[in-house]
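Participant: got a sequence here, can you build the structure:
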Amino acid sequence: MGDEGKRDWRWRRREPAAFTWPRRALYRAGWVLTRWVAAPLLGGLEVAGVENIPREGGAVIAPNHNSHLDPPYVGAALPRPTYFMAKRELFEVPIFGWLIYNVFAYPVERGTPDRFAIRKAIELVSAGHLLLIFPEGTRSPDGTIQEGELGPAMVAGRAGVPIIPCAVSGTRRILPPGAKWPRRARTYVAFGEGVWVEAKGDERLARSALETATRELMARIRALHAELEAKRRDR
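Facilitator: Numbering: from 1, shown residues only. I've put the predicted structure just below:
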């Protein structure tokens, strides 16, 4: 039996949502609501490095992860719609699961290599889409940037696309762990120059190449984050 036959999820839609015009319109409405309504009310959103996002073609967007607000804020900072990997449990929440699926999130099983989700990720970026993957795998427990996993490098390397480092600062102040209500704080999102995974001459991806690209990616994310924190302190 393949990967599909082994699963017994209540959420049956494992395939990423098709990029239809109704879903694009829903995504755009959420983008406008976040960028021009919610973010200003919660302290503002400042974006830098958008020129590093390819105008067309696929790429993996790789942000640090501190808050539940990171996906909508990074999405609002991007000039193009993006797919998101999200933990499977979120899709089982009534209404919310339907909503995030229809704005291009799709489920991934955490804690185990999810070959189905990885295969779909490669297909998406190979087809020219952006895909957001948090390289830390989950939210940071203390606000510091954790070590990166190899998933983003594997997807980008097999698809032949860049990984775009992204730093987010401020979302944890708006919604700290355990908080029931958001607070006001300015949020900063910055995108850096893409990281490429170097393949061998036979085009196979060696683990060493994935590890090298991941170290470079996390170093750039940390450097971008340090710049954003310095900017916040100077205000």
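
Participant: helices of the chain, start to end?
Facilitator: Taking DSSP state H, the helices of the chain run over residues 21-33, 39-41, 70-77, 96-102, 115-126, 151-159, 171-174, 207-234.

Participant: can I get those helices in a markdown table including distance to Ile145 and mean pLDDT?
Facilitator: Every residue, glycine included, has its C-beta placed from N, CA and C. Listed next are the helices of the chain as a markdown table, based on distance: least, CB to CB, whole Å; pLDDT from 0 to 100:
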| stretch | distance to Ile145 | mean pLDDT |
| --- | --- | --- |
| helix 21-33 | 26 | 97 |
| helix 39-41 | 22 | 97 |
| helix 70-77 | 12 | 97 |
| helix 96-102 | 25 | 94 |
| helix 115-126 | 22 | 94 |
| helix 151-159 | 14 | 94 |
| helix 171-174 | 12 | 96 |
| helix 207-234 | 5 | 94 |
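
Participant: ranking these by burial, who's on top?
Facilitator: Ranked by average neighbour count under the criterion mean count of other CB atoms under 10 Å, the helices of the chain are headed by helix 151-159 at a mean of 25.

Participant: that one to helix 207-234, inter-axis angle?
Facilitator: 120 degrees (axes from the mean of the first three to the mean of the last three CA atoms, to 10 degrees).

Participant: helix 151-159 packs against which elements?
Facilitator: strand 59-63, helix 115-126, strand 163-169, helix 207-234 (3 or more CB pairs under 8 Å, 6 or more residues apart in numbering; DSSP states H and E).

Participant: contacts for the third one next, please.
Facilitator: If I follow you right, that is strand 163-169. By CB atoms under 8 Å, 6 or more residues apart in numbering, the residues outside strand 163-169 that reach it are 52-53, 59-67, 70, 73-74, 152-153, 156, 187-197, 213, 217, 220-222, 224-225, 227-229, 232.

Participant: if we use 7 Å, what do you get?
Facilitator: 52-53, 59-64, 66, 70, 73-74, 152-153, 156, 187-192, 194-195, 213, 217, 220-221, 224-225, 228-229, 232 (CB atoms under 7 Å, 6 or more residues apart in numbering).

Participant: cool, the shortest one as well?
Facilitator: Surrounding strand 59-63, the residues in contact under the criterion CB under 7 Å, 6+ apart are 70, 74, 78, 82, 125, 130-135, 152, 155-156, 161-168, 194, 217, 221.

Participant: run the last query once more with 6 Å
Facilitator: 74, 130-133, 135, 152, 155-156, 161-166, 168, 217 (CB atoms under 6 Å, 6 or more residues apart in numbering).

Participant: go on, the second one?
Facilitator: Residues from elsewhere that reach helix 115-126 (CB under 6 Å, 6+ apart): 3, 16, 58, 83, 108, 131, 155, 158-159, 161.
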